[in-house]
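> generate coordinates for the sequence data below:
(one chain, ligands or ions: 1)
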Amino acid sequence: ATPALSAADNKNIVRRKLTGYVGFANLPNQWHRKSVRKGFNFNVMVVGESGLGKSTLVNTLFNTALYPPKDPKQPSLEIIPKTVAIESTSADIEENGVRLRLTVVDTPGFGDFVNNDESWRPIVDSIESRFDSFLEAENKVNRTNIADTRIHACVYFIQPTGHSLKPLDIEVMKRLHTKVNLIPVIAKADTLTDEEVTAFKKRILADINYHNIQIFEGPRYELDDDETIAENQEIMSKVPFAVVGANTEVQIGNGRKVRGRRYPWGIIEVDNEDHCDFVKLRQMLIRTHMEELKEHTSNVLYENYRSDKLTSLGVTQDPSVFKEVNPAVKQEEERALHEQKLAKMEAEMKMVFQQKVAEKESKLRQSEEELYARHKEMKDQLEKQRLELEEKKNRLETGRPLEEKKGRKGFSLR
Ligand code: GDP
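Have a look, this model is predicted:
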């Protein structure tokens, strides 16, 4: 789409078809290539009681053994930690030349204690401390290339009880929803029937609504086309995603191997949308909404945290001052400026192009006129020659009898 131009600019711009390759169509690719070279990063947190299939799902999502298999030996009770731990695992994964640095933050121990009242605290602390380090880095003089360790998405695993949310779920979600993009999922959905899943989803959403918990809602619609809007609605209609994880392949009827879980009564295929919502969750996290998750983290969640923090530190935010120090606003302004520049460049290119076309056209017209004049001149000349020849011919033809007559006359005269 053409960046916004003023009405006056628009009036001056005539749409022209280019007759040759100019090259500014490559502009988006230049940006794209730069991002590809730099690589992308994505930080996702998984929260849920142990055994709900968190590590299995992450491995299934990224199709890689990000999590090493768990030690089958259960730790003895004495060495089980008394608090929720925060464990971060990073991996560089690459697909078709695009690099993604993926960090998965796990919260082992969550919900596993007799008293889980404070289970949310280490999780909230971790999210906030990541905001804090970002804030600190932003305030440094050298602000280029800040490592973004902020959590971009939090997949919250709900136990497949089929009842409703537990008080712990509600408590934790309430603590987290203003700080992170919450994506609730029903864990191990293969343990419920389709009807149970549908009813469970309804009750979960009702609970979430009742407690005013804000879950991630996908991109805002304003700028999107109908197809994107429909795609987003399709994804969002599945929330909370009923997921199944499996890192092993099983053979199905036609000999094809698929990722899934085998049961005496049949096979649940992870990548089959009729069987579970895994595909939709992956689409949201990785294929369509990753950028949106990151933007929302940066522009809304982090910004709110940041302004609250500054206010609590006694920094009053006079809007003009805020604008000056607010990197998100600044970045937005820089982007707008950049877009303006691009628009100007494009307009200039179009103008130059138009000028060139006009020049060519007038030259062509001139040479056409010249050609026509020459043509006319030649035609006139030829016509003149033809008339002369005609006259000569006539004279020759009529000349003989005339001479004869003359001769006869002369003769008779003689
Ligand atoms: P975590 O503790 O939440 O990381 O859970 P794990 O990924 O280690 O999984 C715990 C157990 O549940 C393992 O035996 C998995 O094979 C099994 N499991 C994982 N995902 C699923 C699932 O979607 N459905 C079923 N039925 N079992 C699962």
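> what sits against the closest residue in space to residue 163 that isn't next to it in sequence?
What sits nearest to residue 163 in space, not counting adjacent residues and going by Cβ to Cβ, 6 or more residues apart in numbering, is residue 203, at 7.2 Å. C-betas here are computed from N, CA, C, even on glycine. Residues counted as contacts of residue 203 (Cβ atoms under 8 Å, 6 or more residues apart in numbering) are 163-165.
> can you flag the buried ones in those?
residue 165 (16 or more other Cβ atoms under 10 Å).
> thinking again about what came up before, wasn't the residue nearest to residue 163 part of a strand?
No - assessed with DSSP: H, G, I helix; E, B strand; the rest coil, residue 203 is helix; it does not lie in a strand.
> any idea how far the ligand is from it?
Counting by Cβ to the nearest ligand atom, to the nearest Å, the separation of residue 203 from the ligand is 20 Å.
> interface residues of the stretch 1-150 of the chain facing the ligand?
Within the stretch 1-150 of the chain, the positions lying close to the ligand (Cβ under 6 Å from any ligand atom) are 50-56, 70.
> could I get those residues as TSV with neighbour count and secondary structure?
Putting those into TSV (neighbours: other Cβ atoms under 10 Å; DSSP: H, G, I helix; E, B strand; the rest coil) gives the following:
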residue	neighbour count	secondary structure
50	16	coil
51	13	coil
52	23	coil
53	22	coil
54	25	helix
55	22	helix
56	21	helix
70	12	coil
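> quickly check those for the two that are furthest apart.
Spanning the widest gap among those are 52 and 70, at 13.0 Å by Cβ to Cβ.
> tell me the confidence at residue 316?
Residue 316 carries a pLDDT score of 60 in this model.
> burial of the residue of the stretch 301-414 of the chain at minimum distance from the ligand, as a residue count?
The ligand sits closest to residue 301 of the stretch 301-414 of the chain, with a gap of 24.8 Å, by Cβ to the nearest ligand atom. Counted with other Cβ atoms under 10 Å, residues neighbouring residue 301 total 21.
> also residue 247?
Neighbour count for residue 247, taken as other Cβ under 10 Å: 16.
> could you pull up the contacting residues of the residue of the chain found nearest the ligand?
Minimum separation of the chain from the ligand (Cβ to the nearest ligand atom) falls at residue 53, amounting to 2.7 Å. By Cβ under 8 Å, 6+ apart, residue 53 lies in contact with 157, 187-188, 243, 245.
> and if we set it to 10 Å?
Going by Cβ atoms under 10 Å, 6 or more residues apart in numbering, residue 53 touches 46, 60, 157, 160, 185, 187-190, 243-246.
> name the nearest residue to it, ignoring sequence neighbours.
residue 245 (4.8 Å).
> wait, doesn't the one you found sit right on residue 54?
Yes - the criterion here is Cβ atoms under 10 Å, and residue 245 meets it with residue 54 at 8.5 Å.
> joint contacts of these two?
Shared contacts of residue 245 and residue 54, defined by Cβ under 10 Å, 6+ apart, are found at residue 187.
> pLDDT weak spots in the stretch 301-414 of the chain?
For the stretch 301-414 of the chain, residues meeting the criterion pLDDT under 70 lie at 315-326, 399-414.
> can you pull out the helices in it?
In the stretch 301-414 of the chain, the helices defined using DSSP state H, counting those that start in this stretch lie at 303-312, 319-325, 327-413.
> likewise for the stretch 101-250 of the chain?
With helices called from DSSP H, counting those that start in this stretch, the stretch 101-250 of the chain shows them at 120-139, 167-176, 194-210, 226-236.
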